[in-house]
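J.: Below is the sequence, then the predicted model.
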Amino acid sequence: MRSFVLAIFYFSASKALNLPPAAPAANLKSTSAKETEKKVEKVSQKKEVFDVNAGFSAEVLLAQKFIVPELTPSDFKVKIHESASFTQQMSQLLFVGVMSAAAGIIGALYWGRGAFTALAIIAYTMSLSTISIAIKNVFVTFDFNYPLFITALHGLATAVVAIGILGQKQISTEYKIAVPTMTTLLQGLTPVALAFALSLGTGNLSLMYSNAHFYEMLSSLSVLATAGCGVLMGRELNSQLLPPLMVVTLAIMIVAFGEVQFTILGVCFCVASVVFRAVKAQLQALLMAPGALTQTFDPLELTLWTAVQTFIIMMGWSLVSEGLAPWQNFFTIGTMIAVAITCANAVVLNVAALFVMKELGPVAQQIIGNMKGVLACMGAVAAFGEEISMQQILGYALVIIGAYWYNRVDAQLKADSKLAEQGLASKEVKA
């Protein structure tokens, strides 16, 4: 019985240690010299492997063979990857949450203008702050570097959503969609679309001949440029609004201040971009102001017709500049989803922007648009632990103060104007 147990044990040990079975002594003696040399070569090739176990006894080696590892390095790698992915998702959620809270605070500053206006401002600032991130994701993650094509799709998506909402409204009510006349197309809508396209084109060209700091510093003049353009088009600008406008302009310049590199050509392109942007904003405001032009549109109607023309112009520009490459690289699932996200963001931005302009005016809309940096900065600090400089703190604080100051003065002026009109009307009735 003891011999049987020992035999079983020896057999198991041989299998575990990969030992060759015992051979008769006669066979061992008949091993040729060549076979011995081959074994010596194999042993020398695996010397490093045997050296690792050189200090261990046969019992330890036997025990090692029977150990089944429960965790391997790849298991830890999977767990670390899952942990990093979870952390990234939590950071992204925190980023969106903090930005939403900051947008809510900005909306609260304008709550006195009405709940609908405040909600439109929240949607506008949120979409304005996140659309650049969404577009950058398309460029970097999916290597789809066709900005003109993407902008054209933004116009198409906006037009489709606007016509869907207006069509449903026309079916369910007696509402009729205002169709632009030829005069309106030539004097209003086409100049708006051209101004938009030219502001994009000159802005991109200015970045070729100057650095980003200089571009942002000159772009801070867009608020004053919009106000000045309105005066040239016959819109009134109360002198009491100039101090808060100057504060906002100075604040944006402080935030963007840095190492300046530019050429005369870069200055010209940057100024042109600012002017075209101002012209676009004022023309859109005139198209929504009763009696300003031959036709008046509500914000959604103006969104529709502007988006249609933007799509036509930008798609033609894309075909000339980018060719067919966007179409050849677009039809992959990842790229289409990423671009669709930017389109959804652009729809919210385009619609909300015109509702904000309708309620507050083009200058106030420009001021609110410049507060997008506050949202992005707060979200980055809270979610990703990024550092914020004293220059940014000072600049963004002045932006908020200037925006609040402008809103209070503008609201008071409009209230006084409304009371004056009511008083004049009551006097006329008494007379």
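T.: That came through, no problem.

J.: Would you check that Q170 makes contact with K176?
T.: Yes - contact status for Q170 versus K176: in contact at 6.5 Å, counting by Cβ atoms under 8 Å. Yep, even glycine has a C-beta here, placed from its N, CA and C like the rest.

J.: More neighbours: which of these two?
T.: Neighbours around Q170 and K176, counted as other Cβ atoms under 10 Å, are more numerous at Q170. The numbers are 13 against 9.

J.: Help me confirm that that one is found in a helix?
T.: Yes - counting by DSSP: H, G, I helix; E, B strand; the rest coil, Q170 is located in a helix.

J.: What sits closest to it if chain neighbours are left out?
T.: Once flanking residues are discounted, Q170 sits nearest to I177: 5.9 Å by Cβ to Cβ, 6 or more residues apart in numbering.

J.: Any idea how many residues pack against the one you found?
T.: 16.

J.: wait, it sits on L300?
T.: No - when contacts are counted by Cβ under 8 Å, I177 is not listed as touching L300 (9.3 Å).

J.: got any residues that touch both of those two?
T.: Counting by Cβ atoms under 8 Å, 6 or more residues apart in numbering, the residues touching both I177 and L300 are L166.

J.: And G323, which helix or strand is it part of?
T.: Assigned by DSSP states H and E, G323 belongs to no helix or strand.

J.: Any idea how many residues pack against it?
T.: For G323, the neighbour count with other Cβ under 10 Å is 12.

J.: Give me the distance between it and L153.
T.: 16 Å (Cβ to Cβ, to the nearest Å).

J.: Now the nearest residue to G228 once chain neighbours are set aside: which helix or strand?
T.: Excluding the flanking residues, the one nearest G228 by Cβ to Cβ, 6+ apart is A278, at 7.4 Å. Element membership for A278, per DSSP H and E: helix 264-288.

J.: what packs against that helix?
T.: Here helix 264-288 touches helix 190-208, helix 212-219, helix 222-232, helix 299-321, helix 333-360, helix 362-369, going by 3 or more Cβ pairs under 8 Å, 6 or more residues apart in numbering; DSSP states H and E.

J.: Please list the outside residues in contact with the first one.
T.: Okay, so that is helix 190-208. Residues outside helix 190-208 that contact it (Cβ under 8 Å, 6+ apart): 151, 215, 218, 266-267, 269-270, 272-273, 276-277, 279-280, 283-284, 287, 306, 309-310, 312-314, 317.

J.: and it, what's its mean pLDDT?
T.: The average of the pLDDT scores along helix 190-208 is 85.

J.: Dump that helix to PDB, restricted to CA.
T.: What follows is helix 190-208, C-alpha atoms only, in PDB (Å, rounded to 0.1, in the frame of the first residue of the first chain):
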ATOM      1  CA  THR A 190     -29.100  87.900 -47.700                       C
ATOM      2  CA  PRO A 191     -27.000  90.600 -46.000                       C
ATOM      3  CA  VAL A 192     -27.400  88.800 -42.700                       C
ATOM      4  CA  ALA A 193     -26.200  85.500 -44.200                       C
ATOM      5  CA  LEU A 194     -23.300  87.200 -46.000                       C
ATOM      6  CA  ALA A 195     -22.200  89.100 -42.900                       C
ATOM      7  CA  PHE A 196     -22.200  85.800 -41.000                       C
ATOM      8  CA  ALA A 197     -20.100  84.000 -43.600                       C
ATOM      9  CA  LEU A 198     -17.700  86.900 -43.900                       C
ATOM     10  CA  SER A 199     -17.300  87.200 -40.200                       C
ATOM     11  CA  LEU A 200     -16.200  83.600 -40.100                       C
ATOM     12  CA  GLY A 201     -13.900  83.900 -43.100                       C
ATOM     13  CA  THR A 202     -12.200  87.100 -41.900                       C
ATOM     14  CA  GLY A 203     -11.900  85.700 -38.400                       C
ATOM     15  CA  ASN A 204     -10.100  82.600 -39.600                       C
ATOM     16  CA  LEU A 205      -7.800  84.700 -41.800                       C
ATOM     17  CA  SER A 206      -7.000  87.000 -38.900                       C
ATOM     18  CA  LEU A 207      -5.700  84.000 -36.900                       C
ATOM     19  CA  MET A 208      -3.400  83.200 -39.800                       C
END
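
J.: So for it, what gets flagged as buried?
T.: Within helix 190-208, the residues scored as buried using 16 or more other Cβ atoms under 10 Å are 190, 192-203, 205-207.

J.: Please apply the same query to the longest one.
T.: Buried residues in helix 333-360, defined by neighbour count with 16+ other Cβ under 10 Å: 335, 338-339, 341-360.

J.: Which strands and helices lie in contact with that helix?
T.: Taking 3+ Cβ pairs under 8 Å, 6+ apart as contact, the helices and strands that helix 333-360 lies on are helix 115-141, helix 147-172, helix 264-288, helix 299-321, helix 325-330, helix 362-369.

J.: Which among the helices and strands packed on helix 264-288 is found nearest to M90?
T.: helix 333-360 (20.0 Å; Cβ to Cβ).

J.: I am finished for the moment; much appreciated.
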